[in-house]
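Visitor: sequence first, then the predicted structure:
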Amino acid sequence: MAEASRILQTTLVHTFSQNPKSQITLRAHSNRRSFPPISKSSSLFRPIRCSVTTASGGGGEIATQIGVPWGCETDSAENASALQKWLSESGLPPQKMAIQRVEVGERGLVALKNIRKGENLLFVPPSLFITADSEWSNREAGEVMKRYNVPDWPFLATYLISEAGLKSSSRWSNYISALPRQPYSLLYWTRSELDRYLEASEIRQRAIDRINDVTGTYNDLREKIFSKYPALFPEEVFNMESFKWAFGILFSRLVRLPSMNGRVALVPWADMLNHSCEVETFLDYDKSSQGVVFTTDRAYQPGEQVFISYGKKSNGELLLSYGFVPREGTNPRDSVEISLSLLKYDDCYKEKSEALKKHGLSASQCYPLQITGWPVELMAYAYLAVSPPSMVNQFDEMAAAASNKNTSKRDVRYPELEEDALQFILDTCEVSISKYSKFLQASGSMDLDVTNPKLLNRKLFLKQLAVDLSTSERRILFRAQYILRRRLRDIRSGTLKALNIFDGLFGGVKKLFN
Ligand SMILES: C[S@@+](CC[C@H](N)C(=O)[O-])C[C@H]1O[C@@H](n2cnc3c(N)ncnc32)[C@H](O)[C@@H]1O
């Protein structure tokens, strides 16, 4: 969700312990996650539908054989109407929207009346939020978790599981019953599915890191807390499967509320809003009405789905956390990560790696490319990679500029290295383009090697998501390739007197393309 996504924009390293020697960590890897003319052709609304039933994992994967015994299929209207009824009885004021089946996002909030641009909607009161301060139905379990100073994310995941396990005795049972039984997210892809379908995209590695973080967090909790209190945290309930579900819910629904000092919360009802790239409005706490609201930045007519923004995310990031890919060319914030590496045969490999290391970088670094350009840090890395031994004294300055932590001198220029640096970036883009093209070509005839109809459905669904992602990422690379070739041609033909490629800022990314 718009603000939930901000949570993930920095790599979080939480530690918590009762005893300083025993530390549990959650490294929520992140990144960087919209939708434009909302269209029926979005991947999720192609005929291939999938309740993503089974991902038969192999060794080392989070096995997904059974799933959790709570939540619902998101196409079930029953749980949504029970949720709506419970919310009204529990203090949600009358709304101008209702949960309905929608074309974008399965279930969403649909306008019941005319809604003006600039109107405040929702008003969900704090008594309906789930936060780290929410009361535990199983008090004792809550006290144990608090004693260990468990950070917000694993704490909330454990809270959700604890309440879900209590079924109708939890005050949240109507909410939990309406949550998806299997949230759409890359957490539910097996390692072999990630390897097979996302082989060309850097998002594959981000998904692997995230799965490892979730697995590691669960293992830490089990070892340091659950195993010591088996009566409070029985393995039948607190297991890897339920943690994968809980983290999938948090990744796709948790909201960060800037006006509540950045507090993170699950906000029932508000979390039924789907994302659109065409809007910029996001959820926040409104101190005067004392509830979670958002202000519409467009008008809606009765029957139209109402949207918020989950943040300025690339298609890959939307797939990673939310499990969907906007239609090609419709996400103005889309980007693709390219991995630049020092050349192994470089005489100064050691000196360059050391300079990078000093600034927190490694010999291989990922940078985002947008359709409008790329960060100055990427160009600085390219200068370093191609610089000759005679420039050894500038390695540190280049490495510093390649690190986004450097605030003093970001915009370094080395006109004498320009041609080689651009060629280096072009070579990297072309290697990447050929990986995408190979995957996209093979995807047409890819053998899905299953006969079980549910599994086949799942594989078709994942393959379509991967094709959509790869197509959109390759499109950005094609654009970069075109611009780089043009610049190089100009340099080589001597017609470009001054390479004025650093003009214009595009939110943190220097604009290269016009
Ligand atoms: C915060 S929930 C929104 C409510 C959700 N549609 C439901 O039925 O529970 C986020 C999830 O909604 C879906 N979603 C949101 N925006 C979408 C979009 N533009 N296209 C497709 N699916 C979307 C994704 O499955 C995502 O993980």
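Guide: Structure's in. What do you need?

Visitor: right, is stretch 471-488 up against the ligand?
Guide: No: judged by Cβ under 6 Å from any ligand atom, stretch 471-488 stays clear of the ligand, getting no closer than 13.9 Å. C-betas here are computed from N, CA, C, even on glycine.

Visitor: the closest residue to Gly291 other than its chain neighbours in helix, strand or coil?
Guide: The spatial neighbour of Gly291 that comes closest, neighbours along the chain excluded (Cβ to Cβ, 6 or more residues apart in numbering), is Phe123 at 4.0 Å. Per DSSP: H, G, I helix; E, B strand; the rest coil, the local secondary structure of Phe123 is strand.

Visitor: what does the protein put close to the ligand?
Guide: Counting by Cβ under 6 Å from any ligand atom, the chain sits next to the ligand at 1, 35, 42, 44, 74, 104-108, 180, 183-184, 252-253, 271-272, 274-275, 322-324.

Visitor: before we move on, back to that, ok, the residue nearest to Gly291 touching Pro94?
Guide: No: with contact defined as Cβ atoms under 8 Å, Phe123 does not count as touching Pro94 (9.5 Å).

Visitor: so which of these two has more stuff around it?
Guide: For Phe123 versus Pro94, the count of surrounding residues by other Cβ atoms under 10 Å is larger for Phe123: 18 against 7.

Visitor: can you pull the contacts of that one?
Guide: Leu92, Pro93, Asp286, Ser289, Gly291, Val292, Val293 (Cβ atoms under 8 Å, 6 or more residues apart in numbering).

Visitor: name the nearest residue to the second one, sequence neighbours excluded.
Guide: Once its chain neighbours are removed from consideration, Pro93 has its nearest residue in Phe123; the separation is 5.2 Å (Cβ to Cβ, 6+ apart).

Visitor: got a pLDDT number for the one you found?
Guide: The model reports Phe123 with a pLDDT of 97.

Visitor: quick revisit: looking at the residues of the chain next to the ligand, which are in helices?
Guide: Taking DSSP state H as the definition of helices, the residues of the chain next to the ligand contribute Ser252, Arg253, Tyr322.

Visitor: separation between the second one and Gln305?
Guide: Relative to Gln305, Arg253 is positioned 17 Å away (Cβ to Cβ, to the nearest Å).

Visitor: quick one on the thing from earlier: make a ChimeraX selection of whichever of the ones in helices among the residues of the chain next to the ligand turn out to be buried.
Guide: In ChimeraX syntax, the buried subset of these is picked out as below (16 or more other Cβ atoms under 10 Å):
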select :252,253,322
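
Visitor: turn the ones in helices among the residues of the chain next to the ligand into JSON lines, including pLDDT.
Guide: Formatted as JSON lines, those follow (pLDDT from 0 to 100):
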{"residue": "Ser252", "pLDDT": "97"}
{"residue": "Arg253", "pLDDT": "97"}
{"residue": "Tyr322", "pLDDT": "96"}
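
Visitor: among the ones in helices among the residues of the chain next to the ligand, which one sits closest to Gly165?
Guide: Using Cβ to Cβ, Arg253 is the member of these that sits closest to Gly165, with 18.9 Å.

Visitor: ignoring the adjacent residues along the chain, who's closest to that closest one?
Guide: Nearest to Arg253 is Asp271, by Cβ to Cβ, 6+ apart, at 4.3 Å.

Visitor: over to Pro368?
Guide: Nearest one to Pro368, counting by Cβ to Cβ, 6+ apart, is Ser335 at 4.1 Å.

Visitor: now swap in Leu320 and tell me
Guide: Leu186 (5.1 Å).

Visitor: so that neighbour versus Val386, what's the distance?
Guide: Leu186 is 34 Å from Val386, by Cβ to Cβ.

Visitor: of these two, which one has the most company?
Guide: Per other Cβ under 10 Å, whichever of Leu186 and Val386 has more neighbours is Leu186, with 25 against 21.

Visitor: Provide a list of residues in contact with that one.
Guide: Leu194, Ile203, Ala207, Arg210, Ile211, Leu319, Leu320, Ser321, Gly323.

Visitor: ramachandran angles for Ile130?
Guide: Dihedral angles of Ile130 (phi, psi; degrees, to the nearest 10) stand at phi -110, psi 120.

Visitor: count the neighbours of it for me.
Guide: 20.

Visitor: same question for Ser127.
Guide: Ser127 - counted by other Cβ under 10 Å - has 10 other residues nearby.

Visitor: what about it, which SS state?
Guide: Going by three-state DSSP: Ser127 is helix.

Visitor: please tell me how far the residue lying closest to it once chain neighbours are set aside sits from the ligand.
Guide: Nearest non-adjacent residue to Ser127, counting by Cβ to Cβ, 6+ apart: Gly91, 5.7 Å away. Applying Cβ to the nearest ligand atom, to the nearest Å, the value for Gly91 to the ligand is 21 Å.

Visitor: export only the CA atoms of stretch 197-210, formatted as PDB.
Guide: The C-alpha trace of stretch 197-210 is given here as PDB (Å, rounded to 0.1, in the frame of the first residue of the first chain):
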ATOM      1  CA  TYR A 197      10.300 -17.600 -14.900                       C
ATOM      2  CA  LEU A 198      12.400 -14.700 -13.600                       C
ATOM      3  CA  GLU A 199      15.800 -15.800 -14.800                       C
ATOM      4  CA  ALA A 200      16.400 -12.600 -16.700                       C
ATOM      5  CA  SER A 201      15.200 -10.100 -14.000                       C
ATOM      6  CA  GLU A 202      17.000  -8.900 -11.000                       C
ATOM      7  CA  ILE A 203      13.700  -9.200  -9.100                       C
ATOM      8  CA  ARG A 204      14.400 -12.900  -8.900                       C
ATOM      9  CA  GLN A 205      17.300 -12.200  -6.500                       C
ATOM     10  CA  ARG A 206      15.200  -9.800  -4.500                       C
ATOM     11  CA  ALA A 207      12.500 -12.400  -4.100                       C
ATOM     12  CA  ILE A 208      15.100 -15.000  -3.000                       C
ATOM     13  CA  ASP A 209      16.500 -12.600  -0.400                       C
ATOM     14  CA  ARG A 210      13.100 -11.800   0.900                       C
END
